[in-house]
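A.B. asks: A predicted structure for the sequence below; I have some questions about it.
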Amino acid sequence: MDKQVIITNGVGTLDLINGTYSVTANVNGYDNTSVDPSSLTITDGVNSYDITISATGVLTLHVSEDGTSSGTPVVGATFVRTDASGNEYGSAITSDSNGDAVFNNVPYSQTDAPVIYYKQTASDGNHEFDSTVQNTTLTTSTSTVEVENLLGATRTINLTDANYQNLPIGSATLTLSNN
């Protein structure tokens with residue numbers, strides 16, 4: 001007899017008796033043949049079982065100074081997958097010399113594609129970035145999202161003598177380190 005487990009936010013419950021079950025999946029946006037394990041043995045005293053499934057889509061985040069495909073690429077921008085609340089999952093990815101940061105193995109579907117959440121966690125130290133959670137969907141196996149990282153604004157730093165009000169220092173070098 002087939003038993004169906006309805007999964008919501010990664011979790012489902014079902015009353016099962018001991019035995020071995022074949023596992024198949026119907027998960028929109030994922031490779032249903034990749035369900036692992038494909039056979040599950042339910043035993044006394046064990047009430048939680050982990051199953052994984054893989055996706056095969058590729059999401060490229062193209063990072064440039066103006067957020068366009070032809071803009072000056074930003075090298076060293078980092079991103080991480082998240083959920084809608086911003087909880088981080090997996091390893092960070094970093095934009096390469098072309099400004100491309102590539103998430104492999106993301107879900108895609110022509111219809112009702114699952115939402116993919118991500119956020120930028122850093123840039124190269126010379127560019128501003130938006131660290132809020134962003135999202136997209138893939139309706140094809142590969143997709144590119146343009147991301148803007150503006151150059152930092154020009155700032156004026158005034159250095160004056162602490163003992164003689166408003167007396168400018170003629171020549172100096174200051175080092176500002178980002179904490």
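C.D. replies: Cool, got the structure.
A.B. asks: use CA for all of it now, contacts and neighbours both
C.D. replies: Noted.
A.B. asks: Please, which helix or strand holds the most centrally placed residue in the chain?
C.D. replies: If you average the C-alpha coordinates of the chain and look for the closest C-alpha using C-alpha atoms, centre = their mean, you land on residue 81, 2.2 Å from that point. Assigning secondary structure by DSSP states H and E places residue 81 in strand 78-82.
A.B. asks: Can I get that strand as CSV, trimmed to CA atoms?
C.D. replies: Once non-C-alpha atoms are left out, strand 78-82 reads as follows in CSV (Å, rounded to 0.1, in the frame of the first residue of the first chain):
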residue,chain,number,x,y,z
THR,A,78,30.0,37.1,-2.4
PHE,A,79,26.5,35.6,-2.2
VAL,A,80,24.8,32.9,-0.3
ARG,A,81,21.6,30.9,-0.6
THR,A,82,19.0,31.7,2.0
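A.B. asks: Check which residues of that strand are buried.
C.D. replies: Judged by neighbour count (16 or more other C-alpha atoms under 10 Å), strand 78-82 contains these buried residues: 78-82.
A.B. asks: who does it pair up with?
C.D. replies: strand 88-94 (antiparallel), strand 116-122 (antiparallel) (DSSP bridges).
A.B. asks: Between those strands, which one is closest to residue 179.
C.D. replies: Evaluated with C-alpha to C-alpha, the strands paired with strand 78-82 place strand 116-122 nearest to residue 179, the distance being 12.6 Å.
A.B. asks: Tell me how far the closest one lies from the chain's centre.
C.D. replies: Chain-centre distance of strand 116-122: 4 Å, with C-alpha atoms, centre = their mean, to the nearest Å.
A.B. asks: Just after it, pick out the following helix or strand.
C.D. replies: From strand 116-122 onward toward the C-terminus, using DSSP H and E, the following helix or strand is strand 134-136.
A.B. asks: tell me what that next one is packed against?
C.D. replies: Based on contacts counted as 3 or more C-alpha pairs under 8 Å, 6 or more residues apart in numbering; DSSP states H and E, the elements that strand 134-136 packs against are strand 116-122.
A.B. asks: In CSV, list the C-alpha atoms belonging to the strand it packs on.
C.D. replies: Extracted in CSV, the C-alpha atoms of strand 116-122 (Å, rounded to 0.1, in the frame of the first residue of the first chain):
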residue,chain,number,x,y,z
ILE,A,116,15.1,30.8,-5.0
TYR,A,117,16.3,33.1,-2.2
TYR,A,118,19.8,34.6,-1.9
LYS,A,119,21.6,37.6,-0.5
GLN,A,120,24.9,39.4,-1.1
THR,A,121,27.2,39.2,1.9
ALA,A,122,30.2,41.2,0.7
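A.B. asks: which residues touch residue 75?
C.D. replies: The contact partners of residue 75, by C-alpha atoms under 8 Å, 6 or more residues apart in numbering, come to 63, 94-99, 123-124.
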